[in-house]
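1. turn this into a model:
(one chain, ligands or ions: 1)
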Amino acid sequence: MTVLRLGTRGSRLALWQAHWVQRLLASVHRDVRVEIVPIETDGDRRTEAALSTLSGSAFFTKEIEGALLEGSIDLAVHSLKDVATEAPEGLILGAVLERADPRDALVARDGHGLADLGEGARVGTSSLRRKAFLRADHPGLVTRDVRGNVPTRLGILDRGDTDALLLACAGLDRLELGARITSRLDPERFVPAPAQGAVAVQIRADDAAVRSRIAPLEHGPTRRAVDAERTFLNVLEGGCQVPLGAFAQVEGDSMRLVARVASLDGGRGVRGALSGPSDDPDALGRTLARRLIDEGAADILAELRPS
Ligand SMILES: NCc1[nH]cc(CCC(=O)O)c1CC(=O)O
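-> This is a model prediction of the structure:
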């Protein structure tokens, strides 16, 4: 029996994802036992800080990546949205699993969609992307910072401290809280974060044994989609957390990438879409990024950076 130690955050969603990988590995390898090792990250500890200042860098992954590099775990399971596009030296994404619903979810107390919320209604989110798109498309609404994991945020809504929340559909669906969603937002307009809804298994680049064990978990279309989205992010980001969405869908031999960048106040933005062959997602991501840079995306993002 081979024992593989799987590192994960301890949140309910992270543990759900870890148990999913454990179950999948048990179903393809009778001789493998997966032991789950919860690891607390900076992002879990620093509940006082606005999430927007944390996510996108390594705040939800650094301690887990450290455990992987030092060998105290053999694989790590992450929400791919939280994994930086520049991989730490020595680590690779050994498998990308089939994506759940990639869209953003509105959970409103009254009504259904964003258009039903009255003037001045408070919408809780700490994501720069969600705030910027909301300000651009629904300037009558008020954004309000909320932090904490999914159940904590729902508690804030239920107590009446906000009128609505924006969350990822994937997290709610996986925790069987999908019934709380009042609207699944159109990904053409409210473009999801790169890799939203996708789970990745990270391993040591030189660990051929674990690499071959997890290979059957790979979902090709999801890998190609997130590669295009993360390449787009990588070209535009320059190491800073930005209000940017990118969402790709594979259909047979071709794929389509839609992306949107907005200023924080929602006053300026660019959006575009591009189709190409599905066997070169990086080219698609790079080409669309360059096109949106020509249309002003880099200038919009430059305003966000401390000079
Ligand atoms: N940064 C937090 C985070 N990371 C992954 C998810 C949800 C699951 C996913 O997008 O895969 C969330 C919460 C949210 O955005 O609602």
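2. residue ranges for the helices of the stretch 151-300 of the chain, please.
-> 169-174, 208-214, 220-237, 281-294, 297-302 (DSSP state H, counting those that start in this stretch).
3. any chance of those in CSV with mean neighbour count as columns?
-> Where you see a C-beta, it was placed from the backbone N, CA and C, and this is true even at glycine. Output for these, formatted as CSV (neighbours: other CB atoms under 10 Å):
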stretch, mean neighbour count
helix 169-174, 22
helix 208-214, 16
helix 220-237, 23
helix 281-294, 20
helix 297-302, 19
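4. columns distance to R45 and mean pLDDT on top of those, output as TSV?
-> Shown next, in TSV, are the helices of the stretch 151-300 of the chain (distance: least, CB to CB, whole Å; pLDDT from 0 to 100):
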stretch	distance to R45	mean pLDDT
helix 169-174	20	97
helix 208-214	28	98
helix 220-237	25	96
helix 281-294	33	97
helix 297-302	29	86
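5. the ligand contacts on this structure?
-> By CB under 6 Å from any ligand atom, the part of the chain that sits against the ligand consists of 55, 79, 81-82, 167-168, 170-171, 196-197.
6. return the members of the residues you listed classed as buried.
-> Among these, those classed as buried by 16 or more other CB atoms under 10 Å are 55, 79, 81-82, 167-168, 170-171, 196-197.
7. and those, which of them are in strands?
-> If you go by DSSP state E, those have 79, 167-168 in strands.
8. start to end distance for stretch 145-160?
-> End-to-end distance of stretch 145-160 (CA to CA, to the nearest Å): 14 Å.
9. ok, stretch 265-284 next?
-> 28 Å.
10. any buried residues in that stretch, and which?
-> For stretch 265-284, a neighbour-count test (16+ other CB under 10 Å) marks 266, 268-271, 274, 276, 278, 281, 284 as buried.
11. all strands for the protein, in order.
-> 2-8, 32-38, 75-79, 91-96, 104-108, 122-124, 142-144, 164-168, 183-184, 199-204, 244-251, 254-262, 269-277.
12. okay, the angle between the fourth one and strand 75-79?
-> It refers to strand 91-96. Strand 91-96 and strand 75-79 are oriented at 70 degrees to each other (axes from the mean of the first three to the mean of the last three CA atoms, to 10 degrees).
13. ok, the fifth one next?
-> An angle of 60 degrees separates the directions of strand 104-108 and strand 75-79 when computed by the same axes, to 10 degrees.
14. sheet partners, orientation included, of strand 104-108?
-> As defined by DSSP bridges, the strand partners of strand 104-108 come to strand 164-168 (antiparallel), strand 183-184 (antiparallel).
15. quick one: pLDDT of the residue in the stretch 1-150 of the chain that the ligand sits nearest to?
-> The nearest approach of the stretch 1-150 of the chain to the ligand comes at S79, 3.5 Å away (CB to the nearest ligand atom). S79 is assigned 95 on the pLDDT scale.
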